[in-house]
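In: 3D model of this:
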Amino acid sequence: MEEKRQTFNAVYPDGSFGKITLGKMVNKGGASGKIYLVEGRPESVVKIFHNIEKSATNRKKLQAMLLNKPNFQPVEAKGIEYIQIAWPEALLDDEKGFCVGYMMPLINMDKAVSLDHLMQKAVRKKLGLSEKYAYRIFAAYNVASMVAALHKCGHYIIDLKPSNLSVYKENMLVAMVDCDGFSIKGEKNRYPAEFVSEEYIYPEGMTQSCEEMGEEQDRFALAVIVFRLLNNGIHPFSGVPKSVNADMLTIQGRIEQYHYAYGLWPDRYQSPHPYSIHEYFSKETLELFERAFTKGCQRPSAYEWQEHLWKLMHSLKSCKENSNHVFFTSKGCGLCSVESKFNKKLSVIKKQRIEPEKIRGIEVTRLLPENVKEEKKRKYAYNVKMQKIFWSFIFVYMLFFALLFKLLMPFKVFFSKIGIGVQFLVMVFFLIFLDSMLRKYSKHFSLLQNKIIRDMLRVYAFIWMLVTIVLINDLPKNLFELAP
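Out: Now for the predicted structure:
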């Protein structure tokens, strides 16, 4: 309770002094300090550093920030004032003269969201953010404008990434906090940043410390952010490796080796993300990204991005299929193309979920131990049944042909009239038919799959049919004796 009522001396840019009293703590802050309200100043908050041992360094850096402030005037929209940057307004001294923190304008973060949340459709839907693509282009423009204004003053953000930026939900204006972590230009010295994040470090920066990084780092990170905002959150150095045997590089590893898959020339390591819309960007946009991510090129400045995105916003074409979509060129709406591709893929996945999963044509569920055991029982019962049917068939088959002459004896007169030649012809056709039936049903009876057994059955039928012809036609006895 006592900590909340602490009083400090506020030192303003013009050298004047004032007293401020801490109010309620609103944020425990990150690595550098805690955030408090200020009694009697609802429009301000203060940041109290965790570590006052760096008092002298903090003082010099804050003084440089107070004397070299970027021109960010609050923006008013629909009667509401939007603060875009929490830049120091006064540094704070304790009663011993140590620099313990600074006062800054209050940014209402309840009305803002992390720029990260603007990248993914599922997150936008969850947070109730607009699906209008033009808003993301406007957000990219605002980020570029803020970075350009900082660069004009000689300041660099260094740890520039979406999670360190916020946008107001209503209008996509940018809100920047933790500005004391930037690389600040002083009158005679530079006060470097202390942090930088992977996936946003420019390739040449892999051998540098934060203290050595400057505008090139911001130019690269800004281009990554713009690419992600324009391309549905896809990182410009993500993609699909072309070889299954290729090393699985991290995003930063791909950056280090310049594996940019969305440029004018194919990348040797990876192909573009299947849902990328970069092919629908304008030629000028692609050329700026090419310069930003290709080795040996001069990266576009923040001001170049600001100018380009401004032109882009004022030349967008409305999509007739979806009111949330806009597009850039005569190639058409890339968003519609990707959604169509995604929906087709989704329908295939749904169909696969409905259909039983199979391995080599066998349902996976049938391979479970209990199902395999049950399947064996069914197969055994089936085989026993088919064997019984087979032996019954053999009995009937042999009996039928052994009694064939008796069955046909009542038609002896008819057979005499048609002649022996026709009878032999009928016998041949019947044997051909019999052979085709034995072949057809051999897949159901394992014994019939044996060629020797099929041949024996055919010979048996032939002999008894020959005997039948001999008996019906009263052929000479010496011929009859040929019968078994």
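In: residue ranges for the helices of this protein, please.
Out: 55-67, 121-127, 133-152, 215-230, 251-256, 283-293, 302-313, 334-354, 369-402, 404-408, 412-440, 451-472, 477-480 (DSSP state H).
In: The fourth one - contacts with which helices or strands?
Out: Applying 3 or more Cβ pairs under 8 Å, 6 or more residues apart in numbering; DSSP states H and E, one finds that helix 215-230 contacts helix 133-152, helix 283-293, helix 302-313. Any C-beta I mention is one placed from the backbone N, CA and C, and that applies to glycine too.
In: can you tell which of those is closest to residue 120?
Out: Residue 120 sits nearest to helix 133-152 of all the helices and strands packed on helix 215-230, at 11.3 Å, using Cβ to Cβ.
In: contact partners of that closest one?
Out: 70-72, 84-85, 115, 118, 156-157, 160, 165, 167, 172-174, 176, 182, 215, 218, 222, 225-226, 229-230, 301-303, 305-306, 309-310, 312-313, 316, 324-326, 335 (Cβ atoms under 8 Å, 6 or more residues apart in numbering).
In: Please spell out which residues along it are buried.
Out: For helix 133-152, a neighbour-count test (16 or more other Cβ atoms under 10 Å) marks 133-151 as buried.
In: same question, stretch 292-312
Out: For stretch 292-312, burial by neighbour count (16+ other Cβ under 10 Å) applies to 292-293, 299-302, 304-309, 312.
In: Repeat that for stretch 51-69.
Out: In stretch 51-69, the ones that count as buried by 16+ other Cβ under 10 Å are 55, 58-59, 61-66.
In: quick one: that stretch to chain centroid distance?
Out: 43 Å (Cα atoms, centre = their mean, to the nearest Å).
In: between the buried residues of stretch 292-312, which is nearest residue 103?
Out: Of those, the one sitting nearest to residue 103 (Cβ to Cβ) turns out to be residue 302, at 27.6 Å.
In: For the nearest residue to residue 404 once chain neighbours are set aside, give me its contacts.
Out: Computed as Cβ to Cβ, 6 or more residues apart in numbering, the closest residue to residue 404 that is not its neighbour in sequence is residue 468, at 4.8 Å. Residue 468 makes contact with 404-405, 408 under the criterion Cβ under 8 Å, 6+ apart.
In: Would you mind putting these into CSV with distance to residue 77 alongside?
Out: Below are the contacts of residue 468 laid out as CSV (distance: Cβ to Cβ, whole Å):
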residue, distance to residue 77
404, 103
405, 109
408, 106
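In: Looking at those, which gets the smallest pLDDT?
Out: Lowest in pLDDT among the contacts of residue 468 is residue 405, which has 78.
In: before we move on, back to that, write a ChimeraX command that selects only the buried members of the contacts of helix 133-152.
Out: The following ChimeraX line selects those of those that are buried, judged by 16+ other Cβ under 10 Å:
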select :70,72,84,85,115,118,156,157,160,165,167,172,173,174,176,182,215,218,222,225,226,229,230,301,302,305,306,309,312,325,326,335
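In: For residue 50, the count of nearby residues, please.
Out: Residues lying near residue 50 (other Cβ atoms under 10 Å) number 14.
In: ok, now how distant is it from residue 32?
Out: 7 Å (Cβ to Cβ, to the nearest Å).
In: can you list the weak-confidence ranges in the stretch 1-150 of the chain?
Out: Applying pLDDT under 70 to the stretch 1-150 of the chain flags residues 1-4, 29-31.
In: can you give me the strands in it?
Out: Using DSSP state E, counting those that start in this stretch, the strands of the stretch 1-150 of the chain run over 7-11, 17-27, 33-38, 41-49, 75-77, 80-82, 90-93, 99-105, 112-114.
In: could you list every residue that touches residue 331?
Out: 279-280.
In: how about it, phi and psi?
Out: phi -70, psi -20 (degrees, to the nearest 10).
In: Just the pLDDT for it.
Out: Among the per-residue scores, residue 331 shows a pLDDT of 91.
In: For the residue lying closest to residue 132 once chain neighbours are set aside, give its distance to residue 121.
Out: In space, and not counting its chain neighbours, residue 132 is closest to residue 324: 5.0 Å by Cβ to Cβ, 6+ apart. Going from residue 324 to residue 121 by Cβ to Cβ gives 11 Å.
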